[in-house]
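In: Generate coordinates for the sequence data below:
(chains A and B)
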There are 2 protein chains.
Amino acid sequence: MSKGLPPKDSDFSAWYNAIVSKADLAEHGPVKGTMVIKPYGFQLWDNIKEIFDKMIKATGHTNAYFPLFIPKSYLAQEAEHVDGFAKECAVVTHTRLKADPEKGIIVDPESKLEEEVIVRPTSETIIWAMYKKWIQSYRDLPILINQWANVVRWEMRTRLFLRTSEFLWQEGHTAHATAEEAQKETLDILELYRQLAEDYLAMPVLTGFKSEAEKFAGANKTYCIEAMMGDKKALQAGTSHNLGQNFAKAFDVRFQTKENTEAFVYATSWGVSTRLVGAVIMAHGDDKGLRLPPKIAPIQVVIIPIARDEAQAEMVKKYLQPVRDSFEEKGIRYHEDWTDRSPGFKFNEWEMKGVPLRLEVGPRDVENNKAVLARRDNGDKNIVSLEEAKESIPNLLEEIQEGLFSQALQFQKDNTHTVETYDEFKAQIKKGGFVRCGWDGSPETETAIKNDTKATIRCIPLDENPLELTCIYSGKPALHEVIYAKAY
Amino acid sequence: MSKGLPPKDSDFSAWYNAIVSKADLAEHGPVKGTMVIKPYGFQLWDNIKEIFDKMIKATGHTNAYFPLFIPKSYLAQEAEHVDGFAKECAVVTHTRLKADPEKGIIVDPESKLEEEVIVRPTSETIIWAMYKKWIQSYRDLPILINQWANVVRWEMRTRLFLRTSEFLWQEGHTAHATAEEAQKETLDILELYRQLAEDYLAMPVLTGFKSEAEKFAGANKTYCIEAMMGDKKALQAGTSHNLGQNFAKAFDVRFQTKENTEAFVYATSWGVSTRLVGAVIMAHGDDKGLRLPPKIAPIQVVIIPIARDEAQAEMVKKYLQPVRDSFEEKGIRYHEDWTDRSPGFKFNEWEMKGVPLRLEVGPRDVENNKAVLARRDNGDKNIVSLEEAKESIPNLLEEIQEGLFSQALQFQKDNTHTVETYDEFKAQIKKGGFVRCGWDGSPETETAIKNDTKATIRCIPLDENPLELTCIYSGKPALHEVIYAKAY
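Out: Take a look at the predicted model:
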């Protein structure tokens, strides 16, 4: 914590990297693009995981685990799917090492596999190969399975949390008897993602669906939540795919319907990943570091005791006991920093780590039955009695949660613009933010705009209203109202 | 559930495989030796995971996540370690697929990696490469990190849960300033493993340490818990390694001591895996299927409503409400089976799945304010009032938990024998069970006995008393009292 952060406004990218490092969230692993998630960053992910795990269990889903390794031939089964993932697959070809007198430890050429094995980039293919065995009749449906797992996509340009070769995620894979049911599931999950983002990560999102060009390889339709980051760029924070019968056809998964006919099964898949940690950093962070929403913060209140000697320390420790008791009772996650660093150093460090509330207590506070309570979100600092502190902290945590959301929502609104001409569009994209406009629906227009401006269609919002609109690029009647932005 | 199980006594191995399949715990994945963990099996593992996660957090450990991929050169850094794992390493050599006009989808030869990457068989090497960056001074110590992860060991002879190419586990990796502290950590974790096995899995274990031949590749000393399975064979259920300074030396991890000198860091590592699920099956299962200890059972009470028509179903449903309320209030995990299969079918199925208690309620029970309460562990069946059921179930679950433990402990005692001659030894090993005897401590004796009988030293028990013993093989004075058995 020796130095501050690069200024957020002038160098967002350096600012982001510095927070990840200084808040002790993660660092690069030795193999290109891999990530070591450090304890503080992992606890943040684990809290998000726990919340979402409860949400999906409450809606009838169960967890299971499918293998990391997928036969190459499986991946090749669905044509669009393999096209989408072929260029970033880690391939296992051998199964032994051996000592070589000259080169040291080498891969044993005799251990070459007959069929190469892919490290899962996503699990549709292996799961649908298993579902083929599990599904015979409508009685076996629906299947509502999720897995928490690591996946690998060999990315060239990586960034901690946002895009790494290996990342942690949940992937839901459901099987249904009807198209309607699959569509309902796709949208129900989208709604859970919206709740997770807005109600827990305090991050407002747009809900919508992707253009053909941007959808998941193998999906009929990809729904998404899109969030605005602190530099006004967009981040895709979660996707829910209606896969139609594509994977059922690729893996020949048919079932006997209630009416005694045979039909292919309908599928969905959906995922959020450790990318959400990056989203939280970029949605809420400021020039002092992270600002964590209390509902997901590993530590909600940090207590900084101030004492010059053992006697003072004893006094402060004793004074704090009712606070501890109250936190334990109310289930508030707290930490006492008794390390021998200076109070100023500690303030900076815990601000960097985004802890929502700080409680400072020194010998004079003990004498006066006081404490200093400081908010991370807006910097407010108040001298309160210990009783007041105990009473007010649960409410303050709620206030901070709501405050972070409102602030981010205001920022998103302030930086979302409606444009009608292509010149306006280009000018606005240059300034940043979301641009809402008409699109004629043609891939040619989409590609031309992308090449021209680097902006992409983030989503076609669920509340679109294209009727009166014309396409900003072609001037033709709009097929969709879309949200354009530069994105991560 | 059409057929029963192969008899446990005459074909333990077929019995085991049949339970894994019929209780819907797991099945084989498409790549050799991989495993699909089905929802019921996964929930069992997840319960074990949650219990142990709390135990290690309560003792000051935190979770983190290290990459799946390890550079080949890292693995080669510690000589014994690479020897131990070289023959079962999945090696990633390429990072892209491409379409080939003749062969379909092939591995793109141009995507060959400069340095091959190993899929972690265990994470000591990558973690110690990171610890080198994190540790400078005694102030940085201890580091008490754990990770929940998948690991891969390309095994030839695999068995669901017991030995699979990929498995799930936790691996703790700690760093300490002194040898004493590392030794204390190693033993503290061994004690947590004992508690996990005995107090939660209801599985009595021996605690001890391994011979040089059986210890972990790279450890100074490997401690273990060893359990007896239903066929009297031993299963290593968890290991805790004192790694000394071996990995610190291999990765040059030195620190400044309090006394301002420089020293290598001391290390431990320890793990339990999805193998524990296999252990639970083999420790408690009977000819009707699984018998699950209530503390880890995904479902503690299954309710079987019996009704011939809608009206009866409504009546039973309403009658059960106070039971549901009571279960919710007390945190009892329950499931109501309203599927349209016959009661007999359901009884068999939930017995197969090892649910500790079954509550049957039919229309006549409603009239008489009664219910039938059946125990899975001993088959006891009682007619009770609904009030009695509600009252007694928490106690019954405790009784079953203790009963399973006592029964397994009795079995272990009945099948542990002390022998004094090699003839006795061989005869006893042939009959099965644990054999307690003297060993002269020489690797030659150990190898000779193994070749002769297939039995191995499972552990040198912590309470060994070798003073008066002679080696059963060589007749020399015993260096250790050991536990011999055939093992999984």
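
In: Next, the buried residues of stretch A:298-310.
Out: Buried positions in stretch A:298-310, judged by neighbour count with 16 or more other Cβ atoms under 10 Å in any protein chain shown: A:298-307. C-betas here are computed from N, CA, C, even on glycine.

In: what mean pLDDT would you report for stretch A:23-34?
Out: Regarding stretch A:23-34, the rounded mean pLDDT is 96.

In: So that stretch, near chain B or not?
Out: Yes: counting by Cβ under 8 Å from any Cβ of the partner chain, chain B is contacted by stretch A:23-34 at A:27, A:29-31, A:34.

In: and if you look at stretch A:326-341?
Out: No: applying Cβ under 8 Å from any Cβ, one finds stretch A:326-341 out of contact with chain B, separated by at least 8.6 Å.

In: Report the contact partners of the residue in the stretch 351-488 of chain A that chain B sits nearest to.
Out: Nearest residue of the stretch 351-488 of chain A to chain B (Cβ to the nearest Cβ) works out as A:Lys353 at 14.0 Å. Neighbouring residues of A:Lys353 by Cβ atoms under 8 Å, 6 or more residues apart in numbering or on different chains: A:23-24, A:40, A:289-290, A:292, A:299.

In: which one of those has the most neighbours?
Out: Tallying neighbours with other Cβ atoms under 10 Å in any protein chain shown puts A:Leu292 at the head of the contacts of A:Lys353, with 29 neighbours.

In: Contacts only, for whichever residue of the stretch 301-450 of chain A sits closest to chain B.
Out: Closest contact between the stretch 301-450 of chain A and chain B, by Cβ to the nearest Cβ, is at A:Thr339 (8.6 Å). Going by Cβ under 8 Å, 6+ apart, A:Thr339 touches A:Lys346.

In: Could you look up the SS state of it?
Out: coil (DSSP: H, G, I helix; E, B strand; the rest coil).

In: And it, what's its pLDDT?
Out: 94.

In: do the same with A:Met1
Out: Confidence score, pLDDT, at A:Met1: 42.

In: Please give the element, helix or strand, for the residue most central in space within chain A.
Out: Most central in chain A under Cα atoms, centre = their mean is A:Leu276, positioned 1.9 Å from the mean C-alpha point. In this assignment (DSSP states H and E), A:Leu276 forms part of helix A:275-284.

In: Tell me which other helices or strands that helix touches.
Out: helix A:12-22, helix A:39-58, strand A:221-228, strand A:234-244, helix A:386-414 (3 or more Cβ pairs under 8 Å, 6 or more residues apart in numbering or on different chains; DSSP states H and E).

In: could you point out which element follows the longest one?
Out: Meaning helix A:386-414. Beyond helix A:386-414 toward the C-terminal end (DSSP H and E), the next one is strand A:416-418.

In: What residues of the helix or strand following that following strand count as buried?
Out: Moving toward the C-terminus from strand A:416-418, the next helix or strand (DSSP H and E) is helix A:422-431. By 16+ other Cβ under 10 Å, the buried positions in helix A:422-431 come out as A:422, A:425-426, A:428-429.

In: Contacts for helix A:422-431, please.
Out: Residues contacting helix A:422-431 (Cβ under 8 Å, 6+ apart): A:232, A:417, A:419, A:435, A:437, A:449, A:452-455, A:472-473, A:484-486.

In: Filter those down to the ones in helices?
Out: Counting by DSSP state H, the contacts of helix A:422-431 place A:449, A:452-453 in helices.

In: How is chain A divided into domains?
Out: A:12-92+A:118-284, A:301-395, A:416-485 (automatic domain parsing).

In: so which of those domains gets nearest B:Ile118?
Out: domain A:12-92+A:118-284 (9.5 Å; Cβ to Cβ).

In: what's the first-to-last distance across that closest one?
Out: Start-to-end span of domain A:12-92+A:118-284 (Cα to Cα, to the nearest Å) is 13 Å.

In: A:Val31 contacts B:Val117, doesn't it?
Out: Yes: at 5.5 Å, A:Val31 counts as touching B:Val117 under the criterion of Cβ atoms under 8 Å.

In: what about the two, which has more around it?
Out: Neighbour totals were compared for A:Val31 and B:Val117, and B:Val117 leads with 27 against 22 (other Cβ under 10 Å).

In: Give me the three-state assignment for that one.
Out: strand.

In: in the stretch 251-400 of chain A, which ranges drop under the pLDDT threshold?
Out: Residues of the stretch 251-400 of chain A meeting the criterion pLDDT under 70: none.

In: Do you have the helices of the stretch 51-200 of chain A handy? List them.
Out: A:72-75, A:79-85, A:124-134, A:179-195 (DSSP state H, counting those that start in this stretch).

In: and those helices as a markdown table, adding mean neighbour count and mean pLDDT?
Out: Formatted as a markdown table, the helices of the stretch 51-200 of chain A follow (neighbours: other Cβ atoms under 10 Å in any protein chain shown; pLDDT from 0 to 100):
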| stretch | mean neighbour count | mean pLDDT |
| --- | --- | --- |
| helix A:72-75 | 20 | 94 |
| helix A:79-85 | 18 | 89 |
| helix A:124-134 | 23 | 98 |
| helix A:179-195 | 19 | 98 |
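
In: mind putting these in TSV, distance to chain B included?
Out: TSV is the format used below for the helices of the stretch 51-200 of chain A (distance: least, Cβ to the nearest Cβ, whole Å):
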stretch	distance to chain B
helix A:72-75	6
helix A:79-85	6
helix A:124-134	6
helix A:179-195	17
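
In: With distance to B:Phe209 as new columns, can these be given to me in TSV?
Out: Output for the helices of the stretch 51-200 of chain A, formatted as TSV (distance: least, Cβ to Cβ, whole Å):
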stretch	distance to B:Phe209
helix A:72-75	43
helix A:79-85	46
helix A:124-134	40
helix A:179-195	48
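
In: what about stretch A:146-159 and chain B, touching?
Out: Yes: judged by Cβ under 8 Å from any Cβ, stretch A:146-159 comes into contact with chain B through A:149-150, A:152, A:154.
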